[in-house]
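Colleague: with the sequence up front, the predicted model follows.
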Amino acid sequence: MPPPLVLLSSLFLVSIGVLRAEPSRLFDGKTFAGWEGDTGTVWRIERGEIVAGKTDAKQPTNNFLCTTHDYADFDLRVTYKRGANNGGVQFRSERVPNHYEVSGYQADLAPGIDGFLYDESRRKKFLRAFDPSLGPVKPAAKKLNLGEWNTYRIRAEGPRIRLWVNDVLTLDYTEEDATIPRTGKIALQIHSGATEIRYKDVVIEELRSAASSAPAKTSAL
């Protein structure tokens with residue numbers, strides 16, 4: 001029988017293994033396996049990147065490329081490139097039936113609002129951090145490399161959501177509405193009017209905890 005300390009350490013490691021999964025890539029760099037959306041006219045793959053829009057044309061409506069799998073608690077990283085245009089990373093979201101929109105949380109990326117949390121097609125407003133140590137929510141513009149690659153990190157644990165842009169914490173939000181779903185799709189957005197936007201290195205680490213119990217899903221415009 002192993003010493004008590006060794007046994008305790010082993011149990012601790014087992015517990016950690018249950019709570020955290022190995023990071024996995026949601027985009028294989030070659031195909032849209034695990035994703036669904038308008039891959040005929042809006043979304044395409046170039047040089048191992050997910051691309052939407054064109055530099056010489058405006059996007060007529062919002063459009064989303066969604067995962068086919070639902071995710072609850074997770075730590076997600078997405079690398080993106082934008083100029084003076086608009087996109088976003090949806091999570092805990094669902095497609096609105098018979099509509100081009102998606103309903104749910106969006107880690108926004110657009111001039112002046114990279115690092116903000118928006119409630120897309122549901123409450124239709126920006127959500128603010130409640131942590132006074134962060135001060136008011138501010139754009140991460142000083143940390144952005146316009147026209148170059150930037151990294152979004154999104155961590156959702158139960159009602160708590162945190163966002164980082166290029167490893168700078170921009171928002172720490174706790175959802176107070178218990179009816180808001182805590183599970184759903186992850187999706188990439190190109191906003192209406194935007195030109196070309198690019199995403200790559202979509203990597204997720206799923207978290208498993210008591211905080212991940214989720215209320216029923218609802219979708220609404």
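Modeller: Received the coordinates, thanks.
Colleague: low-confidence bits of the chain, can you list those?
Modeller: 1-20, 128-143, 209-221 (pLDDT under 70).
Colleague: select the longest strand from the chain.
Modeller: Ranked by residue count and defined by DSSP state E, the top strand of the chain is strand 197-207.
Colleague: packing partners for it?
Modeller: Where contact means 3 or more C-beta pairs under 8 Å, 6 or more residues apart in numbering; DSSP states H and E, strand 197-207 is packed against strand 24-25, strand 49-52, strand 73-81, strand 149-157, strand 185-190. The C-beta positions use only the backbone N, C-alpha and C, and glycine is treated the same way.
Colleague: distance of Leu144 from Thr183?
Modeller: 30 Å (C-beta to C-beta, to the nearest Å).
Colleague: ah, wrong one, I meant Asp177
Modeller: Distance, Asp177 to Thr183, using C-beta to C-beta: 15 Å.
Colleague: those two: which has the busier surroundings?
Modeller: Thr183 (20 against 8; other C-beta atoms under 10 Å).
Colleague: that one is in contact with His69, isn't it?
Modeller: No. Thr183 sits out of contact with His69 when judged by C-beta atoms under 8 Å, with a separation of 10.4 Å.
Colleague: hang on, the earlier thing: could you dump the helices and strands packed on strand 197-207 into TSV and include mean neighbour count and distance to Lys58?
Modeller: Below are these laid out as TSV (neighbours: other C-beta atoms under 10 Å; distance: least, C-beta to C-beta, whole Å):
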stretch	mean neighbour count	distance to Lys58
strand 24-25	10	31
strand 49-52	21	12
strand 73-81	20	18
strand 149-157	19	23
strand 185-190	25	11
